[in-house]
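Participant: Dropping the sequence and predicted coords here.
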Amino acid sequence: MISTVQDLAAEALFVSHLQPSECPSREMVEQTVTAMLLRHGSDGCAAGVAEEFGDHPEAAVRRMGWVRRELGSVMTAPRRPHYAS
């Protein structure tokens with residue numbers, strides 16, 4: 001189950017416009033993944049990944065490497081407490 005969730009998150013982040021140069025925060029990554037899943041759905045995200053790997057395989061490999069590293073650091077970073085006001 002966790003692997004499936006991580007795969008969905010990876011596909012969603014991959015198809016987003018978020019770039020490594022932005023050094024995104026955990027919150028930005030989480031918000032982006034959610035937005036892409038809501039916008040494209042899981043099938044749409046997967047299709048976008050497949051299209052990029054077909055059209056630009058070298059760039060897609062680099063991007064997916066960044067996506068996996070980014071999600072790995074997000075998953076291991078401690079969450080800040082969210083206090084309701």
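Facilitator: Thanks, I have the structure now.

Participant: so for stretch 29-49, what's the average pLDDT?
Facilitator: What stretch 29-49 shows for mean pLDDT is 96.

Participant: er, stretch 7-23 actually
Facilitator: The pLDDT scores in stretch 7-23 average 96.

Participant: buried ones in it?
Facilitator: Under the neighbour-count criterion of 16 or more other C-beta atoms under 10 Å, stretch 7-23 has L8, A9, A10, E11, A12, L13, F14, V15, S16, L18 buried. Where you see a C-beta, it was placed from the backbone N, CA and C, and this is true even at glycine.

Participant: Now for the fourth one: which residues touch it?
Facilitator: By that I understand E11. S42, C45, A46, G48, V49 (C-beta atoms under 8 Å, 6 or more residues apart in numbering).

Participant: Out of the residues you listed, which sit inside helices?
Facilitator: Mapping the contacts of E11 onto helices (DSSP state H) picks out S42, C45, A46, G48, V49.

Participant: of those, buried ones?
Facilitator: Neighbour counting by 16+ other C-beta under 10 Å classes C45, A46, G48, V49 among these as buried.

Participant: The first one against L8, yeah?
Facilitator: Yes - if you go by C-beta atoms under 8 Å, C45 and L8 touch, sitting 7.2 Å apart.

Participant: who touches both of the two?
Facilitator: With C-beta under 8 Å, 6+ apart, C45 and L8 have common neighbours L37.

Participant: Please name the spatially closest residue to the spatially most central residue of the chain (chain neighbours excluded).
Facilitator: Nearest residue to the geometric centre of the chain (C-alpha atoms, centre = their mean): L13, 2.1 Å. Excluding the flanking residues, the one nearest L13 by C-beta to C-beta, 6 or more residues apart in numbering is V67, at 4.8 Å.

Participant: what does V61 give?
Facilitator: Nearest to V61 is F53, by C-beta to C-beta, 6+ apart, at 7.9 Å.

Participant: That neighbour contacts R63, doesn't it?
Facilitator: No - contact criterion C-beta under 8 Å: F53 and R63 do not qualify, at 9.6 Å.

Participant: Good, we can wrap up now.
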